[in-house]
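1. the amino acid sequence is not available; the structure is as follows:
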């Protein structure tokens, strides 16, 4: 049994296999996931697991050089945006229209689907390097 860190096998494997600029999406329950992408479905029920809890855990193991969110989040779910900024600290956040955001998900290595029901609670994490 893994002693520390993420104990979800598929998430741990995806993070361990990332190279520089590869992307991982953490999504709410409603984000469309393109066919052919690895879907890691954590959704249990409305709100479980929460988007921010999932992001917090992923950030403990993934080196992130920048993040991408939809601009609709700023108006519709500003508390989520503020929480993301707090979790990411100095990491830059790019902001795109939601339709462009959905197009960007097509090149992700994986999409982690949460049970989050907050609109636009989605993020693309761009892998950095630790050296």
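-> Looks like it arrived, so ask away. Not measured: the values here are computed from a predicted model. Residues are numbered from 1 along each chain as shown.
2. what's the strand or helix carrying residue 10 packed up against?
-> Assigned by DSSP states H and E, residue 10 belongs to helix 9-17. For helix 9-17, the packing partners by 3 or more C-beta pairs under 8 Å, 6 or more residues apart in numbering; DSSP states H and E come out as strand 38-41, strand 110-113. Where you see a C-beta, it was placed from the backbone N, CA and C, and this is true even at glycine.
3. the same query, at a cut-off of 7 Å, please.
-> With contacts defined as 3 or more C-beta pairs under 7 Å, 6 or more residues apart in numbering; DSSP states H and E, the packing partners of helix 9-17 are strand 38-41.
4. what helices or strands is the strand it packs on leaning on?
-> Using 3+ C-beta pairs under 7 Å, 6+ apart: strand 38-41 touches helix 9-17, strand 110-113.
5. most tightly packed of these?
-> strand 110-113 (a mean of 24; mean count of other C-beta atoms under 10 Å).
6. other residues contacting that strand?
-> Outside strand 110-113, the residues within contact range by C-beta atoms under 7 Å, 6 or more residues apart in numbering are 11, 14, 24-27, 29, 33, 37-43, 54, 105.
7. ok, of those, which come out buried?
-> Among the contacts of strand 110-113, those buried by neighbour count (16 or more other C-beta atoms under 10 Å) are 11, 14, 24-27, 29, 33, 40, 42-43, 54, 105.
8. pull the most distant pair out of these.
-> For the buried ones among the contacts of strand 110-113, the farthest-apart pair by C-beta to C-beta is 14 and 29; their separation is 19.5 Å.
9. what about the longest strand in this protein?
-> If you go by DSSP state E, the chain has its longest strand at strand 64-70.
10. which positions in the helix or strand following it come out as buried?
-> Next in sequence after strand 64-70, counting helices and strands by DSSP H and E, comes helix 72-76. Buried residues in helix 72-76, counting neighbours by 16+ other C-beta under 10 Å, are found at 72-73.
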